[in-house]
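# missing the sequence, but the structure's below:
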């Protein structure tokens, strides 16, 4: 992965809303570079937890079916 690609993925993480992150947490594909890269996933998880993680309300809102 190039530095530019990494920077774009970091920006993608920073731009996600709490709901976007919950959807990604539940439905993210294993081949997504954010999941594949340990440091990016660590950044994602830290930000998601900062925003409150998966709440009961978010869980009900996004459901279990693919969006």
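Perfect, thanks for sending it. What you are looking at is a predicted structure, and each value in this text was computed from that prediction instead of being measured. Numbers count the residues shown, from 1 in each chain.

# how about the helices in the protein?
Assigned by DSSP state H, the chain shows helices spanning 3-15, 18-27, 33-36, 38-50, 56-62.

# and among those, the most buried is which?
Stretch with highest mean neighbour count among the helices of the chain: helix 18-27 (a mean of 17; mean count of other C-beta atoms under 10 Å). Where you see a C-beta, it was placed from the backbone N, CA and C, and this is true even at glycine.

# Which elements pack onto that helix?
Using 3 or more C-beta pairs under 8 Å, 6 or more residues apart in numbering; DSSP states H and E, the elements in contact with helix 18-27 are helix 38-50, helix 56-62.

# Just put the helices of the chain in CSV and tack on mean pLDDT.
Converted to CSV, these look like this (pLDDT from 0 to 100):
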stretch, mean pLDDT
helix 3-15, 97
helix 18-27, 96
helix 33-36, 96
helix 38-50, 98
helix 56-62, 95
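
# Name the nearest residue to residue 33, sequence neighbours excluded.
With C-beta to C-beta, 6 or more residues apart in numbering as the criterion, residue 33 has its nearest non-adjacent residue at 5.9 Å, and that residue is residue 9.
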